[in-house]
Every structure is written in structure tokens, then in C-alpha cells.
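> Structure of the sequence below:
(chains A and B)
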Amino acid sequence: MSSLKQTPLNAAHRAMGAKMVDFGGWDMPVNYGSQIDEHHQVRNDCGMFDVSHMRVVDIKGNGVRSFLRYLLANNVEKLALPGKALYSCMLLDNGGVIDDLIVYFMNDDWFRIVVNAGTAEKDIAWMRRQASKHAPQLSINDHPELAMIAVQGPNARAKVWQVLPDTQSKTEGLQIFQAADCGEYFIARTGYTGEEGFEIVLPGTHAEALWRALNKAGVAPIGLGARDTLRLEAGMNLYGQDMDETINPLEAGLAWTVDLKSERDFIGKAALLAHPPARKLVGLVLQDKGVLRGHQQVHTAHGAGEITSGSFSPTLEKSIALARVPKDVQVGDTVQVAIRDKMLAAKVVKYPFARNGKSLLSL
Amino acid sequence: MSATLPVNLKYTASHEWIRSESDGTISIGITEHAQELLGDMVFVETPAVGRKLKANEECAVVESVKAASDVYAPVSGVVTAVNGDLDSTPEAINTDPYAAWMYRMKPDNPADVAALMDASAYQAHVDSEAH
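This next block holds a predicted model:
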């Protein structure tokens, strides 16, 4: 247990009755009570997540924008307003996904990137290696001393303003995927649930006070269990499950994040152009009783596929999944999923499955 | 974790409880400790009535939001009934695990049931797994 890394909120989680698990080397709360109740709490009201294990990386210096144009598969030229954010993959030369991340345009000499916990070290090493070749003047510094609290749900922003009234004037005009630097709090209108809300980056030393103040204002703590079912319903990829270094973004449902239209060159572009995708990511809804899970085999009229993420959807009260299948599989098709010794029917659907408190499927 | 285990039940190392019924059959469910580990139940798959089971054979599955977990036959015997209520209310395993029986069986040898762990032996087993 002592070898696991802890966020600044570790003691607060334990005091609030969290069940703690080893999450990629971090001692993290999986739930505080019923995971399904926590899921509904976020869809219907609001909840807060400790995502301090994610890593903030600041890239500063002259020419940072042109470096990121080359480093990332999405195009940072889309970021014109200060604080604006972009979701992007960072690719290997062969098109495999090193990580998915959010990049914020702070000013002409400063971009901020938030990367996944489990990939942070290799991400930073990759960024530095590329910078040494293409932009050695840049400084690349990560900030493990920063904590991050996501407050999500239809009432999330109002609760944050209640607890941090000084930040309201700077954050109430934020567009979706835009952040404001509010002194010690960096507040972004982003999230991983398909609901309204903020993600708040702050010094780790301030994290427990904010966590407790939010809780006092009626914001319930939510564990990683519900975080996973919320993001799955919202159709958001999870690195390491839905894509990794062996999968390119076009086969992971992330073509919308890859800019292949502009003249711009970026790492991985040549490989993506040379190898048109043979597979794609689709949504599945189980028609029979059971639960879809990652790595279950999918049998389609066009060949075999595999579930990348699957669970029970508390909003739909059915089992749902993301699956990588041959590209000719179409929405509306029925496929068979091998679950233990049975083959169960699932319907191919367009995802997201649910957002903003509601199911998006008409079944 | 629950403080006290029902003393009228028998237990297995794989966290099933076993209740002896007046008709000579036994009812099988999963313990408070098992449901606590698994979390919110969403699906239960029970064995077919009439199926012959060997002791320690996988014969049922409970699925929570988090994970699927096998349920094992505590002794050898034949399945005589299943609890169909769990199809629509799998969460009963969370709310009242010792009432939410999954299946019943007729043991080949009643002495096998008597030889299973009692409450204090099972508690010691749970405590030993905790570290």
C-alpha cells in the first residue's frame, strides 16, 4: 500500500468513506457508496472528482504554437481566443496513439497541456525529445504539485460560484472548452462526463480546503467507478482501453480530432494517409441480458471485432459498449458478442449514448 | 464490513453462504463481504434446474457495474431451483445478501455440507484475506 502514489485528497477520501483501489499505481477512490447512485448524482445534480493524478505540463517559449502544430494530430491553429482548449491525440510516427490530451492556449508564448496519469512520464519524455530536435528554445515543465478537481453536472457551475465567488466574473462567460486563469485557480469548462461543469487546477496545498467546501455546499464526492460509466455513456475514449500505441486514432473513433485537411505536417500524418482505416469504433447496446465488457469478441457479417470498453449504463439501464469492428459494419446492424459460453445479440448504434442527463438513443 | 455473520449458515472460501432447508436442499448466495467487494449488482446468471454440479464447479455468475464474478458449487449435487426474482432485482444481493439466495441444490452427501466452514471460520478467512 505504501508504494502507491497519493493525491493531496487521499485523507479526505478515506474520511468520506471511500473504497480505495490501486489505479495505475495511484491510491484512488473507486466509490464512496453506491456507484450507480454516484452516476445519477452527476447526471441529475452535480458531483466532484479527484483527478489530481492527471498531469499538467506547461510548454513555454518563442515558437510554441508552431511546435505544437507539428507535435499534435489536432491543429492548434484552431485556438485563437486565450484560454481556448483543444482535445488532441499525440501520435507516434507510425500513427499509434501515445496519449490523448487537452491543450490550452494561454498566450503566444505559453500553452498548457493536461495528460493522463499513467502516460505522463513517457509523454513528457516524448515532448522533450521532439522539442530538442525541432524547438530547443522551448521549456517543458510538468507540475505534479498541482491538484485537479472536476465538478460536473447540471448544477456544477453554480456550486463552484457559490464556493469560489471571486471566480464567477471570469468564468461565467467561458465557452465550452475554454479556461480562465483566476490566480490560484485555473478553471476550465471541460469534463469527462457529458455534463456541464468545470475542471479546476489548483495548488495541491489548497485542494482539501476546496474539496471540503464544495462538499459542504452539497457537492457529493464521486469515485472512478462512476467516472468510467459516465464517460462511456458520453462516448468518450479511455486511453489504454479504446486506443493505445498499437491503434491509430482513425480506428478509435477519433477522426474528428485529426486534421488531415490542412497542408500542415504533423507526427504520424504520413502513416495515417498511407494506411486507410480497416476498422472503426462503434457503439453497442446489448439486446439480451448480461453485461458487455472489454475484450469480449464481437462477431459481425463483415468479420470479427472486439469490445474496447463495456459496462452497465445506469441511464439506459442496459449494457453498452464501444467496440472496434470492420469498417463495413453499419449502425442498425445486429452483431453477436461472445460472453462466457453464450453468443448474445447486440445492436450497433451511433454514440454518445447519453449526455446532459438524458439518453440519446431511440431503441 | 458487517460486524456479525449469521451463525446458522455455512460458508465457503470463495464467499458463498449456504443455508440448509427443511426439505433437505441447500440454498446458496454470496456473502455480505462478497457483495461489498463487487459493488452494485446489475446481472445474475443462475444454473439450469436439474444440472449436476461437482463441488467447487463454476455454476453461476454475478455481475456488478465493475466486474463479473463466478459463483461456485459448495458441494456436489443437483440444482433443484433458482431464484428468478434476481432477474429483475439483482440489487437485492446488495441490500440483503443473506436473503437473496441464487439457487438451491440437493447435496449428494449431506455430510459435505456439515464439513463446510462455520461463521467463525469464515470470519477468520475474510480477515486473513484482508492483508
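
> what ranges do the helices span in chain B?
B:32-38, B:85-88, B:92-95, B:110-114, B:119-129 (DSSP state H).

> Export these as a markdown table, with columns for mean neighbour count, distance to chain A and mean pLDDT.
Just so you know, the C-beta spots here come from the backbone N, C-alpha and C atoms, and that holds for glycine as well. Formatted as a markdown table, the helices of chain B follow (neighbours: other Cβ atoms under 10 Å in any protein chain shown; distance: least, Cβ to the nearest Cβ, whole Å; pLDDT from 0 to 100):
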| stretch | mean neighbour count | distance to chain A | mean pLDDT |
| --- | --- | --- | --- |
| helix B:32-38 | 20 | 8 | 95 |
| helix B:85-88 | 14 | 7 | 95 |
| helix B:92-95 | 18 | 8 | 97 |
| helix B:110-114 | 13 | 26 | 96 |
| helix B:119-129 | 14 | 15 | 95 |
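
> how distant is stretch A:154-169 from the center of its chain?
Chain-centre distance of stretch A:154-169: 23 Å, with Cα atoms, centre = their mean, to the nearest Å.

> Show the average pLDDT along that stretch.
Average pLDDT, stretch A:154-169: 98.

> Quickly list what A:Ala188 is bridged to.
A:Ala179, A:Glu199 (DSSP bridges).

> mind checking how far it is from A:Met127?
Separation of A:Ala188 from A:Met127 (Cβ to Cβ, to the nearest Å) stands at 20 Å.

> Point out the residues in chain B that sit beside chain A.
Within chain B, the positions near chain A by Cβ under 8 Å from any Cβ of the partner chain are B:Gly39, B:Asp40, B:Val42, B:Phe43, B:Glu45, B:Val61, B:Glu63, B:Val65, B:Lys66, B:Ala68, B:Asp87, B:Asn94.

> Give me the below-cutoff pLDDT ranges for chain A.
A:1-2, A:362-363 (pLDDT under 70).

> My error: substitute chain B in the last question.
Using pLDDT under 70, chain B drops low at B:1-3, B:131.

> near chain B, which residues of the stretch 1-150 of chain A show up?
Counting by Cβ under 8 Å from any Cβ, the residues of the stretch 1-150 of chain A close to chain B are A:Val30, A:Asn31, A:Ser34, A:Gln35, A:Ile36.

> Tell me who's in contact with A:Ala346.
A:Leu284, A:Val285, A:Leu286, A:Gln287, A:Asp288, A:Leu292, A:Val298, A:Ala321, A:Thr334, A:Val335, A:Gln336, A:Val337 (Cβ atoms under 8 Å, 6 or more residues apart in numbering or on different chains).

> Does it fall in a helix, a strand, or a coil region?
Counting by DSSP: H, G, I helix; E, B strand; the rest coil, the backbone at A:Ala346 sits in strand.

> Excluding residues flanking it in the chain, which one is nearest it?
Excluding the flanking residues, the one nearest A:Ala346 by Cβ to Cβ, 6 or more residues apart in numbering or on different chains is A:Leu284, at 4.3 Å.

> go on, A:Ala135?
Setting aside the residues directly before and after it, A:Ala135 is nearest to A:Phe67 in space (Cβ to Cβ, 6+ apart), at 4.1 Å.

> ok so the one you found is a helix residue?
Yes - secondary structure of A:Phe67 (three-state DSSP): part of a helix.

> So it is in contact with A:Ala131, correct?
Yes - contact criterion Cβ atoms under 8 Å: A:Phe67 and A:Ala131 qualify, at 6.4 Å.

> Could you pull out the residues contacting both of the two?
A:Ile59, A:Leu138.

> quick one on the thing from earlier: more neighbours, A:Ala188 and A:Met127?
Using other Cβ atoms under 10 Å in any protein chain shown as the criterion, A:Ala188 and A:Met127 rank with A:Ala188 on top: 25 against 22.

> How much space separates that one from chain B?
Going from A:Ala188 to chain B by Cβ to the nearest Cβ, to the nearest Å gives 28 Å.

> ok, now which ones touch that residue?
Contact analysis of A:Ala188 by Cβ under 8 Å, 6+ apart lists A:83, A:85, A:102, A:104, A:174, A:177-180, A:198-201.

> Please enumerate the strands of chain B.
Ranges of strands in chain B, per DSSP state E, are B:10-11, B:16-20, B:26-30, B:41-45, B:52-53, B:58-64, B:68-72, B:77-82, B:103-107.
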